[in-house]
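Novice: Give me a 3D structure for the following:
(2 chains)
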Amino acid sequence: MTYRPIFRHPIAAAVLLVPTLAVLTAFLYFPAIQSVVLSTYRSNLLLGTRAFVGLENFRAIFFGPQAPAFWQASIQTILFALLVTGPGVAVSMVLATLAARPITGGRFYRIMLIWPFALSPAIAGTIFLFMFNPEVGVVNQVLSALFGIKPRWLDDPALAFVVAVSAAIWKNLGYNIVFYLAALQNVPPSLSEAAEIDGAGGIARFFRITVPMLSPTTFFLVFTNLAYSFFNVFGLIDILTAGGPVGGGIANRTGVTTTLIVKVFRDGFGGSSNMGLAAAQGVVLMTIAVLVTVGQFRLGGRSVHYEGA
Amino acid sequence: MRHRKDPVWVHVVLSLAVVVIAAPVLFALIKATQSRADVLSPSLVPGTAFLENLRIVWRDQHLGRYIANSLWIATMVTVGKTILSILAAMVLVYFRIRFKGMLFAFVLFTLLMPTEVLIVGLFDMVSLSPPDSVGEFLSWLLNPRRVFLEPIPFGFGWTNTYRSVVVPFTASATGVFLFRQHFLSIPRDLGDAARIDGAGPGNFLFRVLVPMSANTIGALAVIQFVYVWDQYLWPRVIIRDDARQVVQVGLNLIIGVGEGVYWGQVMAGALVSIVPPLVVFIALQEQFMRGFALTSDK
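Specialist: As a prediction, this is how the structure comes out:
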């Protein structure tokens, strides 16, 4: 269907559209260009010095002295994103599907599942920091009473990674479930009922009907969850582990919860104030973001089930 | 509707999920009510020190200040984004302009540029001192080599201002996208009727589009308010004056204050800072669910 425009005031159109275009140009496009420019400079935040160095920053992170820490952070970023997105989205889909059923207390369940929508990464980090405190946290108080053990959750690399992933999943459950519940309102119950009459069991109905019907939402949520674990999770990590603790073996070049966004922050605004190096890593992160989005839309176009149009 | 008995296992799974999801906040709530000695003990019996904890964290540790800052910032951004997005989407749907597809693509493409990755480029531009004269600015702007290939020599000079965390966020690809989708689903007869009536863009906007967009406005307001309220990295970088800091970074400052951490107060603070987005979410929940359900699969 085409919609015939009804107004022909070029000046009015410009006045209404330009604010959006101006803000996007000045605060998104231009900084993106500046990030690329700065990645070719040696630039110190505190000293204010700037010198053109070509691709030196990229050489340093890919092959030079910064390479081991950079690669470690990259692998950790990918692992973190996959562990947060996969289980987080899957669990949310199951819970939303169950809570959307016409059961006694359904409304109560739905409210109790979506309130974490209001949680922020920083608050999730703060609460988990206390819960997993080795001495006064509730987790170790329970464990030491029951089994006499007190793991140092946030000092042990493997445990710290697991705690950070768990906190990140917990924080995003409400968000995921809200979108699934909204989508489930649009799934006609007749479909499921027809399948039931045909003798399809609950599990078959879930995989044959619910999962395909929810695929546009899943597609959207996988994308937003990946973006969340790449970027927004910074506040959670900054408060919970500040990027630490440094791992053992091959993971000994930087903290195990230092994802790329944490590394960009610490290299650029932390001790060394090396903005050029931070910019180079930011450009890599930006490239990953673009690739993930493009890949998502390519993949999504084929496998997503759209109802009607 | 209820034509069969609820399976027990559904209740078991849902109850378990509800408990697990609520547990961290319940724990925080109990600890927020305990006195300083009890907080460190394994006791999970609610105490009576909540108001005392809250008073200390609110006044002595400036939580009240941080929350006021965040409320102001989140409100400004939410209102600004809603207005700019509705206007831009209106142009993209109802105005006859050239390069419409390209302009929409230009807006949509910014979805690939989260502010977090741009902090390095954004920082200089927002923090450096403004140019001394218009002439200096123009000579920079008209020299493509300096604009595209060199680090910017001056900026807005907005360090430590609310503007630094408001203005960059007043435009929104998500907002334009949602409103555009919604406008496209409004029956075209309405637009035709408006044209026959000779209504101008202003009349059409306020008489037709805004009243018909309550759900989309509500959905967008919830998303944007929560998004801005949760902002952490950019304020942490650009705002160095603690009195202007936002609540999320403020929590980190509260944890970091003094020798030992006063967990009871920190938990009281964390819980209070969940309240504003929760209120916005509950108030606009219906619009949110409807506004989003309408557009999500179109």
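
Novice: any low-confidence regions in chain A?
Specialist: Across chain A, the ranges flagged by pLDDT under 70 are A:1-4, A:299-309.

Novice: list the buried ones in the longest helix along it?
Specialist: Determined from DSSP state H, the single longest helix within chain A is helix A:67-99. By neighbour count on 16 or more other Cβ atoms under 10 Å in any protein chain shown, the buried set for helix A:67-99 is A:69-70, A:72-74, A:76-78, A:80-81, A:83-85, A:88-89, A:92-99. For the C-beta atoms, the positions are set from N, CA and C on the backbone; glycine is no exception.

Novice: Over to stretch A:47-63?
Specialist: A:50, A:53, A:56-58, A:60-61.

Novice: and of those, the nearest to B:Pro46?
Specialist: Within those, the smallest distance to B:Pro46 is 50.7 Å, found for A:Ile61 (Cβ to Cβ).

Novice: Was I right to think that closest one contacts A:Val284?
Specialist: Yes - when contacts are counted by Cβ atoms under 8 Å, A:Ile61 is listed as touching A:Val284 (7.3 Å).

Novice: Could you tell me which residues make contact with the residue of the stretch 201-309 of chain A at minimum distance from chain B?
Specialist: Of all residues in the stretch 201-309 of chain A, A:Gly235 sits closest to chain B, with a separation of 3.2 Å (Cβ to the nearest Cβ). Shown in contact with A:Gly235 (Cβ atoms under 8 Å, 6 or more residues apart in numbering or on different chains): A:120-122, A:125, B:230, B:232-233, B:248-249.

Novice: for the nearest residue to A:Lys171 once chain neighbours are set aside, what are its contacts?
Specialist: Using Cβ to Cβ, 6 or more residues apart in numbering or on different chains and skipping residues adjacent in sequence, the residue nearest A:Lys171 is A:Ala124, 3.8 Å away. For A:Ala124, the contact set (Cβ under 8 Å, 6+ apart) comprises A:167-168, A:170-171, A:236, B:24.

Novice: What are the contacting residues of stretch B:25-32?
Specialist: Residues from elsewhere that reach stretch B:25-32 (Cβ under 8 Å, 6+ apart): A:127, A:130-131, A:138, B:39, B:44-46, B:50, B:53-54, B:263-265, B:267-268, B:270-271, B:274.

Novice: Try it again at 10 Å.
Specialist: The contact list for stretch B:25-32 (Cβ atoms under 10 Å, 6 or more residues apart in numbering or on different chains) reads A:115-116, A:119, A:123-124, A:126-127, A:130-131, A:136-139, A:170, B:19, B:22, B:38-40, B:43-47, B:49-50, B:53-54, B:57, B:263-272, B:274.

Novice: Can you select the buried ones from those in PyMOL?
Specialist: Applying 16+ other Cβ under 10 Å to the contacts of stretch B:25-32 leaves a buried subset, and the PyMOL line that selects it is:
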select buried, (chain A and resi 115+116+119+123+124+126+127+130+131+136+137+138+139+170) or (chain B and resi 38+39+40+47+49+50+53+54+57+263+264+265+266+267+268+269+270+271+272+274)
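
Novice: Looking at the contacts of stretch B:25-32, which are in strands?
Specialist: Among the contacts of stretch B:25-32, none falls in strands (DSSP state E).

Novice: Would you mind measuring from the residue nearest to A:Lys171 to A:Val163?
Specialist: Distance from A:Ala124 to A:Val163, counting by Cβ to Cβ, to the nearest Å: 11 Å.

Novice: Same question for B:Gly291.
Specialist: Between B:Gly291 and A:Val163 the computed distance is 35 Å (Cβ to Cβ).

Novice: Tell me which of those two has more neighbours.
Specialist: The neighbour count for B:Gly291 versus A:Val163, taken as other Cβ atoms under 10 Å in any protein chain shown, is higher for B:Gly291 (25 against 21).

Novice: Quick check: closest non-adjacent residue to the more buried one.
Specialist: Per Cβ to Cβ, 6+ apart, closest to B:Gly291 is B:Ala219, 3.0 Å.

Novice: How many residues are close by that neighbour?
Specialist: B:Ala219 has 25 neighbours, counted by other Cβ under 10 Å.

Novice: check which helix or strand covers it.
Specialist: Taking DSSP states H and E as the criterion, B:Ala219 maps to helix B:214-229.

Novice: tell me the mean pLDDT for stretch B:133-142?
Specialist: Across stretch B:133-142, pLDDT averages out at 92.

Novice: Restrict it to CA atoms and write it as CSV.
Specialist: Extracted in CSV, the C-alpha atoms of stretch B:133-142 (Å, rounded to 0.1, in the frame of the first residue of the first chain):
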residue,chain,number,x,y,z
SER,B,133,34.8,33.3,17.1
VAL,B,134,32.2,32.4,14.4
GLY,B,135,35.0,33.0,11.9
GLU,B,136,37.2,30.4,13.5
PHE,B,137,34.3,27.9,13.4
LEU,B,138,33.4,28.6,9.8
SER,B,139,37.0,28.3,8.6
TRP,B,140,37.0,24.8,10.2
LEU,B,141,33.6,23.8,8.9
LEU,B,142,34.5,24.8,5.3
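
Novice: ok, residues contacting it?
Specialist: Stretch B:133-142 is contacted from outside by B:130-131, B:146-147, B:150, B:152-154, using Cβ under 10 Å, 6+ apart.

Novice: please redo it, this time with the cut-off set to 7 Å
Specialist: The contact list for stretch B:133-142, computed with Cβ atoms under 7 Å, 6 or more residues apart in numbering or on different chains, reads B:131, B:146-147, B:153.

Novice: What is the longest helix of chain B by residue count?
Specialist: The longest helix of chain B (DSSP H) is helix B:63-94.

Novice: Can you give me the buried ones in that one?
Specialist: Buried residues in helix B:63-94, counted by 16+ other Cβ under 10 Å: B:63-67, B:69-70, B:73-78, B:80-82, B:84-94.

Novice: Correct me if wrong: B:Leu205 contacts B:Met90.
Specialist: Yes - counting by Cβ atoms under 7 Å, B:Met90 is a contact partner of B:Leu205 at 6.2 Å.

Novice: where along the stretch 101-250 of chain A do the helices fall?
Specialist: Here the stretch 101-250 of chain A has its helices, by DSSP state H, counting those that start in this stretch, at A:106-114, A:121-131, A:138-147, A:157-184, A:189-197, A:202-205, A:211-213, A:215-227, A:234-240.

Novice: could you dump those helices to CSV with distance to B:Thr170?
Specialist: Below are the helices of the stretch 101-250 of chain A laid out as CSV (distance: least, Cβ to Cβ, whole Å):
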stretch, distance to B:Thr170
helix A:106-114, 28
helix A:121-131, 23
helix A:138-147, 42
helix A:157-184, 23
helix A:189-197, 42
helix A:202-205, 45
helix A:211-213, 36
helix A:215-227, 20
helix A:234-240, 22
